[in-house]
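> my questions are about this predicted structure, shown below with the sequence.
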Amino acid sequence: MNKRVSVLLKLDPDLSDALRRASGVTGQSVDDLVAEAVREWLKAHPDQAGLFASERALQDSLAEYNALYRRLSK
């Protein structure tokens with residue numbers, strides 16, 4: 001569960017600046033904010049994401065209990 005992979009993102013400069021500001025305001029890392037956005041997109045677009053029902057359930061669980069999972073992993 002703690003294993004992560006690196007992904008290169010090319011963002012519009014304004015979007016990148018907004019993401020960094022949001023990171024500073026929320027105290028969350030840019031990586032965590034991007035992961036949250038991806039989870040939300042996958043949840044909102046399950047047909048386009050090509051996820052199986054079990055994968056959607058996992059994504060839903062991660063989105064709902066992310067903070068708890070992070071505390072438990074420490």
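Arrived safely. Numbers count the residues shown, from 1 in each chain.
> next helix or strand past the helix or strand containing W41?
Here W41 is covered by helix 30-44, with elements defined by DSSP states H and E. Per DSSP H and E, helix 30-44 leads on to helix 46-49 as the next helix or strand towards the C-terminus.
> can I get that following helix in PDB, CA atoms only?
The C-alpha coordinates for helix 46-49 follow below in PDB (Å, rounded to 0.1, in the frame of the first residue of the first chain):
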ATOM      1  CA  PRO A  46     -15.600   4.900 -13.800                       C
ATOM      2  CA  ASP A  47     -16.600   4.000 -17.300                       C
ATOM      3  CA  GLN A  48     -13.900   6.100 -18.900                       C
ATOM      4  CA  ALA A  49     -11.300   4.900 -16.400                       C
END
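> quick check, distance from that helix to the centre of its chain.
Relative to its parent chain, helix 46-49 has a centroid offset of 16 Å by Cα atoms, centre = their mean, to the nearest Å.
> in the next helix or strand along the chain from it, what's buried?
Where DSSP H and E defines the elements, the next helix or strand beyond helix 46-49 is helix 53-73. Burial within helix 53-73, assessed by neighbour count using 16 or more other Cβ atoms under 10 Å, is assigned to Q59, L62. The C-beta positions use only the backbone N, C-alpha and C, and glycine is treated the same way.
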